[in-house]
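Visitor: Quick one: sequence and predicted model below, then my questions.
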Amino acid sequence: MTLENLQVLFFKNYEEADITFSPHINCFIGPNGSGKTNLLDAIHYLALTKSAFSGSDLQNVKQGEDYFMVKGRFVQEAQKNAIQITFKTGQKKIVTNNKAPYEKVSEHIGRFPVVLISPYDTDLVREGSEERRKYFDSLISQLNHDYLDNLLRYNYLLKQRNSLLKQFADRNYYDSDYLGVLTEEMIPFAEKISQVRLKFLQDFEPVFQKQYRFLSESSEEVNIEYKSQLPGQDLAFLLKQAERKDSILQRTTVGPHKDDFVFLMDENSVKNYGSQGQQKSFVIALKLAQFELFAAAKNQKPLLLLDDIFDRLDEKRIAKLLEMVANHTFGQLFITDSHAERTQLFLKDLAEDIRTFLVKNGSVSV
Ligand SMILES: Nc1ncnc2c1ncn2[C@@H]1O[C@H](COP(=O)(O)OP(=O)(O)OP(=O)(O)O)[C@@H](O)[C@H]1O
């Protein structure tokens, strides 16, 4: 799969940009804060209908404006998909493919696979379980639409259950039967989510371990452990047992929203025991495993977005990634860097068609 072009309007620090890409390597070069990462984010947005960095669409609208648009043409085999996403303050965003709106935006997710490697990836190791759940949920959702639907449904019901618990506390009254009906409705979704997460990890872990060995060339063993209250347990019983606690805390304390994916290195926590270099290898291996699984499942190479890797990674890891580029492991690549000479030096031995874009203060030139 390739992205032929990208147009943005009032997206982050861009008033307007219109770029035609190389099907191989594209480099965005410019000073810090000029808007290189924002272009990668616009590509991410086109593929996944959300930013990789900002939690709210309002943050993506250029300051002083009230809407933004991102537009681009993905080519899959001979088929062209012109995607346009428009967000206007206070309104629902509109996503169209070849001018036709999707019935459900979730249908778009996973159709145009993209993998982003960014300096923020180490948050997956350092932050709490929510970061990791979000990452794996997004990954599984791009491979499995039923999973995404179940997850959306579960999250909706969870929100309702939590607000009911809060209402009971506020009004000083309690209706266990009413809560029970909502709880029962959640259980099948919770069970499916847990089953799919467990099964996914069984497929993902060996691919991840292979990528880690390739990147680090060291002997430590890495694992990802699925930590959940659910497998092998009767969830209805667990929820019933937690009901008193839930009513005091006014939130649901049992369920897949409490799961974690624990990152281990020689059976120790990567967060506490892994060196900075090991943590970076760990997260890049996650992303390379994601790339490999997406490529296999979708029978096409995802776009690979590499943010600031020449600055943030040591030469050994950069060499490994470039070895993969030279071996044609990847398809279309988008790379950001603040130093043109450094990028040229790293890419000089590659035979691919390399296109360089100069980024300056929210504008792009060739
Ligand atoms: N909604 C917005 N409106 C206007 N400007 C914005 C908006 N969101 C982000 N920016 C600006 O975009 C700039 C950051 O762009 P970006 O992260 O793409 O930079 P970069 O070139 O990748 O820098 P670095 O090399 O430091 O990673 C900042 O100056 C920020 O203020």
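Guide: In hand now; what should we look at?
Visitor: Now the element after the helix ranked longest in the chain, going C-ward?
Guide: Secondary structure assigned by DSSP state H gives helix 176-216 as the longest helix of the chain. On the C-terminal side of helix 176-216, the closest following helix or strand by DSSP states H and E is strand 222-227.
Visitor: what mean pLDDT does the longest helix of the chain have?
Guide: On average, the pLDDT along helix 176-216 is 95.
Visitor: So which other helices or strands are in contact with it?
Guide: Packing partners of helix 176-216 (3 or more C-beta pairs under 8 Å, 6 or more residues apart in numbering; DSSP states H and E): helix 129-143, helix 145-171, strand 222-227, helix 235-241, helix 276-298, helix 315-326. Heads up, the C-betas are built off the backbone N, CA and C, glycines and all.
Visitor: For residue 264, which non-adjacent residue is spatially closest?
Guide: In this structure, residue 264 finds its nearest non-sequential neighbour in residue 223, 4.4 Å apart by C-beta to C-beta, 6 or more residues apart in numbering.
Visitor: From residue 208, how far off is the one you found?
Guide: 9 Å (C-beta to C-beta, to the nearest Å).
Visitor: Looking at those two, which is more packed in?
Guide: Each of residue 223 and residue 208 has its neighbours counted (other C-beta atoms under 10 Å); residue 208 has more, 23 against 16.
Visitor: what residues are up against the more buried one?
Guide: For residue 208, the contacting residues are 222, 224, 285, 286, 289, by C-beta atoms under 8 Å, 6 or more residues apart in numbering.
Visitor: Spell out which residues make up each domain of the protein.
Guide: 1-113+300-366, 123-297 (automatic domain parsing).
Visitor: between those domains, which one is nearest to the ligand?
Guide: domain 1-113+300-366 (3.2 Å; C-beta to the nearest ligand atom).
Visitor: Off-centre distance for that closest one?
Guide: 14 Å (C-alpha atoms, centre = their mean, to the nearest Å).
Visitor: is that domain up against the ligand anywhere?
Guide: Yes. Contact of domain 1-113+300-366 with the ligand (C-beta under 6 Å from any ligand atom) involves 12-13, 30, 32-38, 59-63, 308, 336, 338.
Visitor: helix, strand or coil for residue 96?
Guide: Following DSSP: H, G, I helix; E, B strand; the rest coil, residue 96 is assigned to strand.
Visitor: Contact partners for residue 282?
Guide: Taking C-beta under 8 Å, 6+ apart as the test, what residue 282 contacts is 125, 212, 222, 263, 265, 270, 274.
Visitor: Now for the last one: which residues touch it?
Guide: It refers to residue 274. 125, 265, 282.
Visitor: So residue 12 sits against residue 35, correct?
Guide: Yes. Taking contacts as C-beta atoms under 8 Å, residue 12 lies within contact range of residue 35: 6.9 Å.
Visitor: Find residues that contact each of those two.
Guide: Common neighbours of residue 12 and residue 35 (C-beta under 8 Å, 6+ apart) are residue 362.
Visitor: related to what we said a few turns ago, and the angle for the longest helix of the chain with helix 145-171?
Guide: 130 degrees (axes from the mean of the first three to the mean of the last three C-alpha atoms, to 10 degrees).
Visitor: so how far does stretch 249-263 reach from one end to the other?
Guide: Criterion C-alpha to C-alpha, to the nearest Å; first-to-last residue distance in stretch 249-263 is 29 Å.
Visitor: Any buried residues in that stretch, and which?
Guide: Judged by neighbour count using 16 or more other C-beta atoms under 10 Å, the buried positions of stretch 249-263 are 252, 254, 255, 256, 257, 259, 261, 263.
Visitor: ok, now stretch 117-134?
Guide: By neighbour count on 16+ other C-beta under 10 Å, the buried set for stretch 117-134 is 117, 118, 120, 121, 122, 124, 125, 132, 133.
Visitor: With stretch 163-181 instead?
Guide: Those would be 164, 165, 168, 179, for stretch 163-181 by 16+ other C-beta under 10 Å.
Visitor: rewinding a little: Throw the helices and strands packed on helix 176-216 into TSV and include mean pLDDT, thanks.
Guide: Shown next, in TSV, are those (pLDDT from 0 to 100):
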stretch	mean pLDDT
helix 129-143	95
helix 145-171	95
strand 222-227	96
helix 235-241	93
helix 276-298	95
helix 315-326	89
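Visitor: winner for burial among those?
Guide: Of all those, helix 276-298 has the most neighbours on average by mean count of other C-beta atoms under 10 Å, namely a mean of 21.
Visitor: Give me the distance between that one and the centre of its chain.
Guide: 12 Å.
Visitor: got it, and stretch 210-225?
Guide: Centre to centre, stretch against its chain (C-alpha atoms, centre = their mean), the figure for stretch 210-225 is 21 Å.
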